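# starting from these lines, generate the structure:
(chains A and B)
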Amino acid sequence: MSSRDSILAAVARNQPELLPLQEVPSFASEEANLGEKFSTVAVSIGSKVFRVQSIEEAKQILLKEHSGARRVISVFPEFADVAEASPVSDTDPHTLADVDLAVLPAQLGVAENAALWVTDAQLPLRVLPFICQNLALVVPQQNIIPLMHHAYDVIGAQEYGFGTFIAGPSKTADIEQSLVLGAHGARTLSVFILV
Amino acid sequence: MTGDTKAIKDHAALADAFNADEPRVNWHDETLWFIRQKRDKAAHTIPDWEQLRETASRIKHNVLSNLHDYLLQFESNAKANGIIVHWAADAAEHNQIVHAILQKHKVDRIVKSKSMLTEECHLNDYLAENGIEVIDTDLGERIVQLAKEPPSHIVLPCIHKKKEEIGDLFHEHLGTPAGMADPQVLTEAARQHLRETFLTRRAALTGVNFAIAETGEFVICTNEGNADMGAHLADVHIACMGIEKLIPKREHLGVFLRLLARSATGQPITTYSSHFKKPREGHELHLVLVDNGRSTQLGRENFRNSLKCIRCGACMNTCPVYRRSGGHSYHTAVAGPIGSILAPNLDMKKNADLPFASTLCGSCSNVCPVKIDIHDQLYKWRQVIVKEGYADKKKRLGMKAMTQAFASPTTFQLAGKAGRWFMRNVPFVVNNNLNPWYKQREMPAPPKESFGEWYQKNRKKTDE
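Residues are numbered from 1 along each chain as shown, chains lettered A, B, ... in the order given. As a prediction, this is how the structure comes out:
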């Protein structure tokens, strides 16, 4: 018998009587102002948050914040004069090692933990939001929802090869519990809430 | 049992060594309690926290009761997504599968992100013996790897290390200035060193936090981004998971991702929660499903709930024994209360001491995000271990003597009287190195009389 079959047989033999899968109860949030809640949590986990009217406004802020950035990648046409357009999908991901700043849209933001949902649909290459030194994500205010349950309601059966929640810059506290921003992923995360 | 009679030192002996440096033990204790407090703060921000735990617990009960079908469902969906699925009955087979994949791709250097399963299977040693270099990329894991030690905590691998010791390691291996112990500077040095590693390795190995039967995808949570850096740069991604990591539906991630980081470190969520559903175009994504004793544990009615664990580490941070004995004293890949109920399933004889490394205070069960009855299981393991004849000989003799004393009122009274007399008149007979009850504590003064004697006297008085 193959290991697969013997494992499955042992599991079938040993698993207890079926306990029904219950519906997940509806969890609610009393948060009145989702944008405010999102911003407070985002700042507490090391992100910078800006409320902007347009991508152009976000661009001006980013150019000032990251004036030293040499290689910038953005999928927004407004960045065409300062950034490379998104790389084609068969680009060698290693060639992104020197990207200073990546600017990408996020599908939705979660107020309770300031996580932003991004999938292949926003990512020209999966490694981009991790390998860049600095990351900026743009989310429309109306796409900020209260809790993770609501996020998965929106995501539903969405088709993707890869998707990720990003909450803040990469960080570690492995050395004596001292928080250090910029472990292996992006050193900074700027979130632009598009109002 | 002491180190003299047993090749591997038991928990008590290893804890003794850890306790030699009292200020350091206090520091370890306080550091972990600080994390426990952060967990409390995070949990208290959620009004429905208890309902969330209950929901997670029920989902996991359903998973265990339907694991066979969920495994099949997951396998078929994962395959349809283009993931190559492998099954490993035990640690040896897991290691061979990983090795074979690497051989096929002619890879002899890999990066690995955190996976307690590969620690359980001793994969690094196996690959090293076969000429394959593994670099751990989680900062804490890289630190213990440089120190040639195993992780001492499942979430905080080098929580037992002082920054000065890490500074010395980095000076030796990464060339940081001697005496440099600033966490910011050391982390930056590791970032530079590991970035170079990420960019030059063709295979990446990762663990799995959750696998979803409904969609055939799996989720990896990190704060550092090391799993993603490894997986998205390498030609081959190998993910290894225990078969109990399955959850039925994608929507259930909403429950578990709310609980995991809050329980682990008090964060609202980890920085990255990455969902891997399909391989990158033109690349291979392998997933190894590992049993290694899990199906046996599933059949142990009293212990199967340990398979609900989502590896947050909350039970360790709160445990008064873990905090004051350190993770290495548990001599097993997963330390602390949860490790002590998982390990005897793998090797009852070797891990017979672990269920006794607890005060049974129940704090572990109270903080567990999936409501595992950890302290009850510790208590039940003790009974199994004694029955099977694996208990410490001294403990067995003591228990026998106690049984006799408690069974006969005459012996009980005599023993009490003798004990009080000895403690009063010749305390050195009991207060010496041979009696562990006197270690690091003074005993209270012995009472003049027992409750029985007091009752006899006072009862007579009222009767008169």
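
# so what's the closest residue to chain B within chain A closest to, chain neighbours aside?
Here the residue of chain A nearest chain B is A:Gly185; by C-beta to the nearest C-beta that distance is 2.7 Å. Glycine gets a C-beta too; all of them are placed from N, C-alpha and C. Distance criterion C-beta to C-beta, 6 or more residues apart in numbering or on different chains; nearest residue to A:Gly185, sequence neighbours excluded, is B:Gly225 at 2.7 Å.

# contacting residues around the residue of chain B found nearest chain A?
Nearest to chain A in chain B, going by C-beta to the nearest C-beta, is B:Gly225, at a distance of 2.7 Å. Going by C-beta atoms under 8 Å, 6 or more residues apart in numbering or on different chains, B:Gly225 touches A:Phe130, A:Ser170, A:Ala183, A:His184, A:Gly185, A:Ala186, B:Thr271, B:Tyr272.

# hang on, the residue of chain A closest to chain B in a strand?
No - A:Gly185: not assigned to a strand; according to DSSP: H, G, I helix; E, B strand; the rest coil it is coil.

# would you check how far apart it and A:Leu128 are?
From A:Gly185 over to A:Leu128 the distance is 11 Å, taken as C-beta to C-beta, to the nearest Å.

# more neighbours: the two, which one.
Shown here are A:Gly185 and A:Leu128; by other C-beta atoms under 10 Å in any protein chain shown, A:Gly185 has more neighbours (28 against 24).

# for residue 43, phi and psi?
Went with chain A since none was named. phi -60, psi -40 (degrees, to the nearest 10).

# quick one: it and A:Glu36 touch, right?
No - in this structure A:Val43 lies outside contact range of A:Glu36 using C-beta atoms under 8 Å: 10.9 Å.

# can you pull the buried residues of whichever strand or helix holds A:Lys64?
In this assignment (DSSP states H and E), A:Lys64 forms part of helix A:55-65. Of all the residues in helix A:55-65, those buried under the rule 16 or more other C-beta atoms under 10 Å in any protein chain shown are A:Ile55, A:Ala58, A:Lys59, A:Leu62, A:Glu65.

# kindly reformat the residues you listed as a markdown table and extend each row with pLDDT.
Below are those laid out as a markdown table (pLDDT from 0 to 100):
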| residue | pLDDT |
| --- | --- |
| A:Ile55 | 98 |
| A:Ala58 | 98 |
| A:Lys59 | 97 |
| A:Leu62 | 97 |
| A:Glu65 | 96 |
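
# between the contacts of B:Gly225, which is nearest A:Ile7?
B:Tyr272 (30.3 Å; C-beta to C-beta).

# list the contacts for that closest one?
A:130, A:164-167, A:170, A:185, B:220-223, B:225, B:227-228.

# okay, and the beta partners of it?
A:Ile166, B:Thr222 (DSSP bridges).

# hang on, B:Pro344 packs against B:Lys380?
No - assessed by C-beta under 8 Å, B:Pro344 is found out of contact with B:Lys380, at 10.3 Å.

# compare these two and say which is more crowded by neighbours.
B:Pro344 (29 against 17).

# for the more buried one, what are phi and psi?
phi -60, psi -20.

# how far away is it from B:Val370?
20 Å.

# contacting residues for B:Lys277?
B:Lys277 makes contact with A:Tyr160, A:Gly161, A:Phe162, A:Gly163, B:Asn81, B:Thr215, B:Gly216, B:Glu217, according to C-beta under 8 Å, 6+ apart.

# could I get these as a markdown table with neighbour count?
Converted to a markdown table, these look like this (neighbours: other C-beta atoms under 10 Å in any protein chain shown):
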| residue | neighbour count |
| --- | --- |
| A:Tyr160 | 19 |
| A:Gly161 | 20 |
| A:Phe162 | 20 |
| A:Gly163 | 24 |
| B:Asn81 | 17 |
| B:Thr215 | 21 |
| B:Gly216 | 22 |
| B:Glu217 | 25 |
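
# so can I have TSV of the residues you listed showing distance to A:Ile7 and secondary structure?
Shown next, in TSV, are those (distance: C-beta to C-beta, whole Å; DSSP: H, G, I helix; E, B strand; the rest coil):
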residue	distance to A:Ile7	secondary structure
A:Tyr160	29	coil
A:Gly161	28	coil
A:Phe162	28	strand
A:Gly163	29	strand
B:Asn81	21	coil
B:Thr215	21	coil
B:Gly216	18	coil
B:Glu217	21	strand
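
# can you tell me which of those residues is closest to B:Arg109?
Closest to B:Arg109, out of all of the contacts of B:Lys277 and judged by C-beta to C-beta, is A:Phe162, at 24.4 Å.
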